[in-house]
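# Structure here, sequence nowhere to be found:
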C-alpha cells in the first residue's frame, strides 16, 4: 500500500492533485446496497482530488497540446488523461478499476458517490441535511457538500481508483475527516449557500482557506460552456479556426462539478 501511495503522490501531487486511501468496506458501510462496490471489504481504493493549482499546472498546458477532435469536456478529458497515464505507466501489471466522477452506469447511477468516498477517506467532511438538528427549511430536500480542511470548497473530487487484487489490513486505519464547519449555524449557512446560490462561489469560503481558484480559473468556470471556446481564443490558448470552435461547441456539455 505504501508503495502505491508514494508513487501516486510523486506523480500526481506536482500536477495539482491529492490522493487519499480507503477500504472499500468503509465506503460500502455508508451507501445503500444499490451503490455498493462489488469488492471485498479490505480492498484498497484511492480517492483523487484536484486542488486549485491543477488549472495552471495541468489544464492550461493540456489545452495547448490537445487536438480538440472528439473532446466532450476539456476538464474531464484532462483529468482522465493524467490519471490513466499515471496508472498505465506506473502500475502496468496491476488491475486497477478507475472510476471518474462524471461517469454513469447503465442504470444512470453514478459509478461511485464521490463525496462519500472523500469523507470516508478522511479527505473532506461531507456535510448533509442530517447534520442539522433543527433545519430551518423543514422537509425541503437539501443537497450536501464536502468541505476540505485547508481548501474549503475550492477543490473537486475527480476519481476513485480501486486496486482489485490488493487487500490491506490493520496498517490502514480509518481517520475521520476534520469537522471544520462545526457549529449548527455555520452548517445551516453552508447548506443554504450551496443549495440556493452555489454559482456565486460563497459556499467555498465558509472557512478560511490556504488557496482558492485563480481569477483566470474563476472566469473559465463562470463562463457558460458554449462560450468557453471564445474565452480560450481570447486567452490565445487555442487558435481562431472555425473547425476547432465547432468541434468543441458540438461536444461540450454543461458542467456541474467545478
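Perfect, thanks for sending it. Because the structure is a prediction, the values reported are computed rather than measured.
# low pLDDT regions in the stretch 1-150 of the chain?
For the stretch 1-150 of the chain, applying pLDDT under 70 flags the ranges 67-71.
# those strands in the stretch 101-250 of the chain, which residues are they?
The residue ranges that make up the strands of the stretch 101-250 of the chain, judged by DSSP state E, counting those that start in this stretch, are 125-127, 145-147, 156-167.
# Can you lay out those strands as JSON lines showing distance to residue 176?
Yep, even glycine has a C-beta here, placed from its N, CA and C like the rest. Listed next are these as JSON lines, based on distance: least, CB to CB, whole Å:
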{"stretch": "strand 125-127", "distance to residue 176": "8"}
{"stretch": "strand 145-147", "distance to residue 176": "13"}
{"stretch": "strand 156-167", "distance to residue 176": "17"}
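# For residue 33, find the nearest of those strands.
Taking CB to CB as the criterion, residue 33 comes closest to strand 156-167 out of the strands of the stretch 101-250 of the chain, the separation being 18.0 Å.
# Check which helices and strands that closest one is in contact with.
helix 2-12, strand 43-50, helix 74-90, strand 96-100, helix 114-120 (3 or more CB pairs under 8 Å, 6 or more residues apart in numbering; DSSP states H and E).
# What count of nearby residues applies to residue 40?
The tally of other residues near residue 40 (other CB atoms under 10 Å) stands at 12.
# quick one on the thing from earlier: which one of the helices and strands packed on strand 156-167 lies closest to residue 141?
When these are ranked by distance to residue 141, counting by CB to CB, first place goes to helix 114-120 at 15.6 Å.
# Contacts for that closest one next, please.
20, 22, 26-27, 29-31, 45, 47, 49, 101, 124-126, 144-146, 157, 160, 174, 177 (CB atoms under 8 Å, 6 or more residues apart in numbering).
# which residues sit in contact with the residue nearest the centre of the chain?
Closest residue to the average C-alpha location of the chain: residue 157 at 1.5 Å, with CA atoms, centre = their mean. With contact taken as CB under 8 Å, 6+ apart, residue 157 is in contact with 47-49, 101, 114-115, 117-118, 123-124, 146, 257.
# What does the pLDDT read for it?
Each residue has a pLDDT score; the one for residue 157 is 98.
# Need the nearest residue in space to it, chain neighbours excluded.
residue 114 (3.9 Å; CB to CB, 6 or more residues apart in numbering).
# what's the answer for residue 159, then?
Using CB to CB, 6+ apart and skipping residues adjacent in sequence, the residue nearest residue 159 is residue 48, 4.4 Å away.
# beta partners of that neighbour?
residue 19, residue 159 (DSSP bridges).
# measure it to residue 184 for me?
Separation of residue 48 from residue 184 (CB to CB, to the nearest Å): 32 Å.
# Same question for residue 190.
In this structure, residue 190 and residue 184 are separated by 11 Å, where distance is defined by CB to CB.
# Residue 79 now?
Relative to residue 184, residue 79 is positioned 35 Å away (criterion: CB to CB).
# Pull out the buried positions in stretch 21-36.
Neighbour-count burial for stretch 21-36 flags 21-28, 35 (criterion: 16 or more other CB atoms under 10 Å).
# Just the ones in helices from those, please.
When DSSP state H defines the helices, the subset of these inside them is 24-28.
# No further questions, thank you.
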